[in-house]
Structure formats: C-alpha cells, structure tokens
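Asker: From the sequence below, what's the structure:
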Amino acid sequence: MTLKNRFALLFSLFFTLFFAVVLLIVYTLFSDYRQGDFYSRLINKADQISFEIEKHYKSSNALITDVDVQTTYKLVNERVAVIDINRKKVFQTSHSNPIELTVKQLEALSTSQPFYISNNEIETVAKLFKQGAAHFIVIVSAEDFYGNSKIEYLKVLFYWTFSIGFILLWFFSYQLSRRALVPMDRLREKVQEITFQNLNNPIQFENKKDEISALASAFNHMLERIDKAYKRQREFTGNASHELRTPIARIGTQVENLLNEKSVDNQLKNSLRSIHEDVYHLSDVVTSLLILSRLDEGVKTDNFKPIRIDEIIFDVTDKLVKIWPDFKLQFEIENKTNEELILDVKGDETLLKIAMTNLLKNAYTYSDNHQVKVTYILTGNTQIVQVFNSGEVPAFKDNSPMFQAFSRGTNSYDKPGSGLGLRIIQRILSYHQASISFNSPGQNQNLFEVNFKR
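Answerer: Numbering: from 1, shown residues only. Below you'll find the predicted structure:
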C-alpha cells in the first residue's frame, strides 16, 4: 500500500470513527433527554391526579370509590389507575385495557422514589401518596408519541448524515492526501530521473522550509558523496586498466618471440604456451575493464548511425575464424512482415562489434561441436538476433544472475574466461535500448536472444 493510500485510509478511519461516536453521543443524549422529559410529565400527571383525589377526599370526607379525574391536559394513549396499599383497584380510566403491574414492581415503590418502566412505546410511572391514614398508589401510563417521532426522525437524519458524510470524508481525505503528497511525487519523479550520468545535478525545490525540501537536501548531499566515490572508482579502474595494457602486451610479445625460437626445447615451450594463455586471459580481463569504464562514462546516442547487423556478424566471424579455424557459422534470415527487409540498427559500431564478438565467442567456447547458428528475425516492432549452440546448459551457484559480473556457470570449470563477457554484452545492448535473454529450448541447447527496437 502506498503512503498516499495509507494516509487517506488512516485519516478516513479516524474521522469516520470520530464522526460516528459524535453522532451516537448526540443521539444518546437526546434520547435520554426525551425520556427524562416525558418521565417528568408522567410524574407531573401523577401529582395532579393525587391533588385532585386529595381535594375530593377533603370535600367529601370519604374515600373515593370511582371518580373521573379531571386534569388540565391528557397524554397520548393515557391510562390512569389508583390502587390501595392492598393492591386493590380503587378506580381506573380504561377497563378494556387496564394497567397491570407485578407484585415485585409494586414492592419497589417508596415514598421518595417513584417506579418507572418502559414497555415498547408505552411508559408507566407509579407513585405512592397518602390520603388520610390510608396509602394509595397512582399509576399513569401513556405514549410519548411526539417525542418518539422526533427520535425516529433524528435516527433517520443521523443515518443519512453519516452515510453522506462517510462518502464525502473518504473522497476528500483521498484528495487531500494526494494534494498534500504532490511534493513527494515530484521528488520521486526527480529521483527516478537520476542516473550515473547526472549524479552532480541536485534536486531543486521552491519551498525551503518543509520536510520534503529537507529530505531533498539530504538526498542531494548523498548524491554528492556517491558522485565523488563513483568518479574515484571509475578513474582508478580506467587508469589501472590502461596502465596494465602496455606491460601485458610486452609480456605477450616476449613470450611469442620465445615460442618462435628454435633453440627452446619442447618442455619449455609447453610452459611458455601456458604462460601465453594466462597473459591472453589477463589481457582480456583488462580490456573488459576498459570497456566497462568507457560505458560508465556514457554513450551519446546522438552519434548513433545506421549499422547493418549482418555485416557486423560476418566481420566478427572472419576475425574469430583466424583465431579458431574450426569455428563454423550458420546464418539465416526470417522476415515475418510484409515490409522490405531492413537489417540496419542505430548504434555505435565499435561497441556493437565488441558485443557480437563476445556473444559469438561465448557460443563457440561452450559448444560441443564448435558450430554457432545465428538467426536474424524481423518482426513488426523488433529486430531479433538469435544465437544458438548445442552444449551443456549452464547452472549458477546460489541462483546468481547469468549477466552479473564475474559470474560463471557450471559449464565453465575447464574453460578460460573472466565472467565479464556477458556483462559487457548486456551493458552495451542496454545503451542501445536493446535487451538480451537466455533460455534452453531443449536438452543441451542454449539460445541467446537479442532484441533491438525498430
């Protein structure tokens, strides 16, 4: 999950929870207020009835048996009942739907604390009062129709408020996080544009006081240190390789001269041949390091010119045949388009020759019959060069990449080499916006495929 989405998610979850809690608290407080208000009205109704009964008692000086209690107002679905201390009903306003309280509920009454119960929408209050020497209980039951209607309306209102607020909150939190992290996206884009060729180009930001600018400043300091270290490493590699070429060439020449001397016996010649092979191997390593150093300096693609791939392959083959007379090349062309066959690619001729030389030399060295098959395939979007040979399929220790520097497969134990050839090929092709891949189409079959964009 990206930082932008994580920020939006956390922000939305927090405020969604906060919004839900606020609405729940408001709803609970209003519901409690509605219940308390209606409870007060029921108590007030019970007090009015008690007052009317007491007034009737004083005027008639007798206990009431049946009286129509007159009050200033009536509640919705109001029912009134009066019972004595023995739970005998004195009178009630509704005989068809009387108020029923349990013995346990009546026993909970006291002179200071009325009894209250809510059953669905009907709420009931029972209050104890004294009339002369007798104790009576006034029970009032009614429905808070208007209060419950407001509660239901508030519930619907909060439901839609929460739903709409939820959608708007998640939408605006995402927009806010996206806008807030725009400088981070710009920093990421600028970091992605950095290569070894522009390490000395610092990242610029207009705002000098925010955290993104501080991060960019720290990154610029890191780039500066990396650039210095990179230049020192590249300079050392280039200078060391260049300085080593001359003494290695002299050693190789002197060994060749000794091999041509007739006075040298066969045992010494065998030793000299072994030394000559080691010198050639060392020279190949130094040359490879020089090539990598040159590639690190960058190649200007503006100077690329159209070059025929087939001519490069044939030119490289002629040179390899002089070194290995048994080198055999089979070259084929496949045109999978309706267009005219074009074998040109834009690139640096010297570098492409080095890449093809290493590729064909590698195929020859690790083949079991010294034969290499090259197939040029023209498609709608790419120009493909396939290099095929038969021989042991290489495997690498610890699953190390084939195109990593100094990486050698299991088929190279008895073969000379430095492990830089394939790495150089890949680096050269990447500068030409081309790619190389390897696969084994069958047993003891090796296929390298180079793809040039058209």
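
Asker: drop to CA atoms for contacts and neighbour counts, all remaining ones
Answerer: OK.

Asker: quick one: the strands in the stretch 151-300 of the chain?
Answerer: Secondary structure of the stretch 151-300 of the chain by DSSP state E, counting those that start in this stretch: no strands are present.

Asker: And the strand or helix carrying residue 437, what's buried?
Answerer: Per DSSP states H and E: residue 437 is located in strand 434-439. Across strand 434-439, burial judged by 16 or more other C-alpha atoms under 10 Å covers 434-436.

Asker: Just put those in TSV and tack on pLDDT and distance to residue 89.
Answerer: As requested, the buried residues of strand 434-439 are exported to TSV (pLDDT from 0 to 100; distance: C-alpha to C-alpha, whole Å):
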residue	pLDDT	distance to residue 89
434	87	103
435	88	101
436	88	102
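
Asker: between the residues you listed, which is closest to residue 287?
Answerer: Proximity of these to residue 287 (C-alpha to C-alpha) peaks at residue 436, which lies at 21.6 Å.

Asker: Return the backbone torsion pair for the nearest residue to that closest one once chain neighbours are set aside.
Answerer: Take residue 436 and drop its neighbours on the chain: the residue closest to it by C-alpha to C-alpha, 6 or more residues apart in numbering is residue 450, 4.5 Å away. The phi/psi pair for residue 450 (degrees, to the nearest 10) reads phi -110, psi 130.

Asker: Pretty sure residue 450 sits against residue 378.
Answerer: No: contact criterion C-alpha atoms under 8 Å: residue 450 and residue 378 do not qualify, at 11.9 Å.

Asker: Residues that sit against both of the two, list them.
Answerer: residue 384 (C-alpha atoms under 8 Å, 6 or more residues apart in numbering).

Asker: residues near residue 187, how many?
Answerer: 20 (other C-alpha atoms under 10 Å).

Asker: Tell me how many other residues surround the nearest residue to it once chain neighbours are set aside.
Answerer: Excluding the flanking residues, the one nearest residue 187 by C-alpha to C-alpha, 6+ apart is residue 216, at 7.2 Å. Look at residue 216: counted by other C-alpha under 10 Å, it has 21 neighbours.

Asker: State the distance from residue 216 to residue 190.
Answerer: 10 Å (C-alpha to C-alpha, to the nearest Å).

Asker: okay, and the common contacts of those two?
Answerer: With C-alpha under 8 Å, 6+ apart as the test, residue 216 and residue 190 both reach residue 203.

Asker: how is the protein carved up into domains?
Answerer: 3-154, 211-294, 301-453 (automatic domain parsing).

Asker: how about those in a markdown table, adding distance to residue 167?
Answerer: Below are the domains of the chain laid out as a markdown table (distance: least, C-alpha to C-alpha, whole Å):
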| stretch | distance to residue 167 |
| --- | --- |
| domain 3-154 | 10 |
| domain 211-294 | 30 |
| domain 301-453 | 46 |
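
Asker: And these: which comes nearest residue 162?
Answerer: domain 3-154 (7.0 Å).

Asker: Let's test this: mean pLDDT of that closest one, rounded?
Answerer: Average pLDDT, domain 3-154: 78.

Asker: what's the span of that domain from first residue to last?
Answerer: Using C-alpha to C-alpha, first and last residues of domain 3-154 are 38 Å apart.

Asker: Equivalent analysis for stretch 316-329, please.
Answerer: From start residue to end residue, stretch 316-329 stretches across 11 Å - C-alpha to C-alpha.

Asker: tell me which residues in it are buried?
Answerer: Those would be 316-317, 320, 327-329, for stretch 316-329 by 16+ other C-alpha under 10 Å.

Asker: Show me those residues that map onto helices.
Answerer: Among these, the ones falling in helices (DSSP state H) are 316-317, 320.

Asker: on that earlier part again, which residues sit in contact with the residue nearest to residue 436?
Answerer: By C-alpha under 8 Å, 6+ apart, the residues touching residue 450 are 384-386, 434-437.

Asker: Switch the residues you listed over to TSV; also include distance to residue 372.
Answerer: Formatted as TSV, the contacts of residue 450 follow (distance: C-alpha to C-alpha, whole Å):
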residue	distance to residue 372
384	16
385	13
386	10
434	22
435	20
436	17
437	17
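
Asker: For the residues you listed, which two are the farthest from each other?
Answerer: 386 and 434 (13.2 Å).

Asker: shouldn't residue 310 be in contact with residue 342?
Answerer: No: contact between residue 310 and residue 342 fails when scored by C-alpha under 8 Å: they sit 10.4 Å apart.

Asker: Between these two, which is the more surrounded one?
Answerer: Per other C-alpha under 10 Å, whichever of residue 310 and residue 342 has more neighbours is residue 310, with 18 against 12.
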